[in-house]
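Undergrad: next input, structure requested:
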Amino acid sequence: ENMINSVVLIPDDRTPSESVELGSVVTLADRQGKTQKYAIVGSTEADPSKGKISNESPVGSAVLGRKVGEETEVATPAGNVKFSVVKIE
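TA: Sure thing, here's the model as predicted:
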């Protein structure tokens, strides 16, 4: 009930930001050029199988505030992975 009472809706018709923020849909490319598209959502909405990652996840927190063309490094169980931001929607 507490979560429902304090919910803040993010409008779907907003203009894309110049940097990644909660609600952004971001396309990332790894060093090999493979791209992945993610929606940055709150932890309760996260569903990686549907491309929705939490802003608190390693990738989500690493890309927050980044702009198109910027790189970031993410620590994963398989080692550090570098991504560059290709597109923000």
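Undergrad: C-alpha only now, for contacts and for neighbours.
TA: Noted.
Undergrad: which residues in the protein form helices?
TA: Assigned by DSSP state H, the helices in the chain fall at 2-5, 58-63.
Undergrad: hey, least reliable of the ones you listed by pLDDT?
TA: Note on those: helix 2-5 shows the lowest mean pLDDT, a mean of 78.
Undergrad: pick the most buried one from the helices of the chain.
TA: Using mean count of other Cα atoms under 10 Å, the stretch among those with the largest mean neighbour count is helix 58-63, at a mean of 19.
Undergrad: for that helix, name the packing helices and strands.
TA: Under the contact definition 3 or more Cα pairs under 8 Å, 6 or more residues apart in numbering; DSSP states H and E, helix 58-63 sits against strand 52-54, strand 71-76.
Undergrad: do you know which of those lies nearest N5?
TA: Evaluated with Cα to Cα, these place strand 52-54 nearest to N5, the distance being 20.5 Å.
Undergrad: this completes my enquiry, with thanks.
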